[in-house]
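> predicted structure and sequence below. I'll ask about it afterward.
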Amino acid sequence: GNSVTQMEGPVTLSEEAFLTINCTYTATGYPSLFWYVQYPGEGLQLLLKATKADDKGSNKGFEATYRKETTSFHLEKGSVQVSDSAVYFCAQLYNAGNMLTFGGGTRLMVKP
Amino acid sequence: DTEVTQTPKHLVMGMTNKKSLKCEQHMGHRAMYWYKQKAKKPPELMFVYSYEKLSINESVPSRFSPECPNSSLLNLHLHALQPEDSALYLCASGLPRLLQGSGELFFGEGSRLTVL
């Protein structure tokens, strides 16, 4: 079936470190791919998205590239800040409907 | 206006109470969703409304009753809940994928429910 797998956290980094959070998907066809972020006590916010192979989504210094050959959509940021501490969810929209399938979430903790 | 507004933000109820969660959006979206999120878990889909009609019910117990009075409003009626139903309930909206290629969903801040 369709599923999204992302690396388990927590990921703990020092400020200004490089971030990678891995995400792979298993949908057939060409799903749209998303990264959502959830800050403590809040709902989900769309961080970035990509709708076709080789698209790069970017926002607030975060980037992710839709890799069809490896079915991946890894999230990267060159220099994290304390304010980036949150839970990050990778998600896909598969072709059959209007439903998002979420990965398990990765908690990021950035220390000063 | 790119917001999805949920009320109340916090709700405490007993197992015999009847309460409702409300969600509102004015982005012209015709697909609206209820998700349930337990601590340290991803959101789990409960219901999907498309053009004000219930299109998906993910085998949710009948003590949860959704309602979509119009294209801007979505309610979740709660009755005879159990303590294990305590969670963050998230509302989301989006354009049906026929109209928008990406299928992006916009989420509200959530209603945090505690059942005593």
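Noted; the coordinates are in hand. Numbers count the residues shown, from 1 in each chain, chains lettered A, B, ... in the order given.
> interface residues of chain A facing chain B?
A:32, A:34, A:36, A:42-46, A:49, A:51, A:89, A:93, A:97-100, A:102-105, A:107 (CB under 8 Å from any CB of the partner chain). C-betas here are computed from N, CA, C, even on glycine.
> next up, the contacts around residue A:108.
A:9-11, A:13, A:19, A:21, A:80, A:84-88 (CB atoms under 8 Å, 6 or more residues apart in numbering or on different chains).
> filter those residues to the buried ones?
Neighbour counting by 16 or more other CB atoms under 10 Å in any protein chain shown classes A:9, A:11, A:13, A:19, A:21, A:80, A:84-88 among those as buried.
> center of chain B - which residue?
residue B:34 (2.7 Å; CA atoms, centre = their mean).
> how far away is residue A:17 from residue B:93?
36 Å (CB to CB, to the nearest Å).
> same thing with residue A:7?
Taken as CB to CB, the span from residue A:7 to residue B:93 is 29 Å.
> with neighbour numbers in mind, choose between the two.
When residue A:7 and residue B:93 are compared on other CB atoms under 10 Å in any protein chain shown, the one with more neighbours turns out to be residue B:93, at 25 against 17.
> tell me the pLDDT of that one.
Per-residue pLDDT puts residue B:93 at 92.
> residue B:8 contacts residue B:111, doesn't it?
Yes - between residue B:8 and residue B:111 there is a contact under CB atoms under 8 Å: 6.0 Å.
> what about the two, which has more around it?
Each of residue B:8 and residue B:111 has its neighbours counted (other CB under 10 Å); residue B:111 has more, 23 against 13.
> and the more buried one, what does it touch?
Per CB under 8 Å, 6+ apart, neighbours of residue B:111: B:6-11, B:21, B:88-89.
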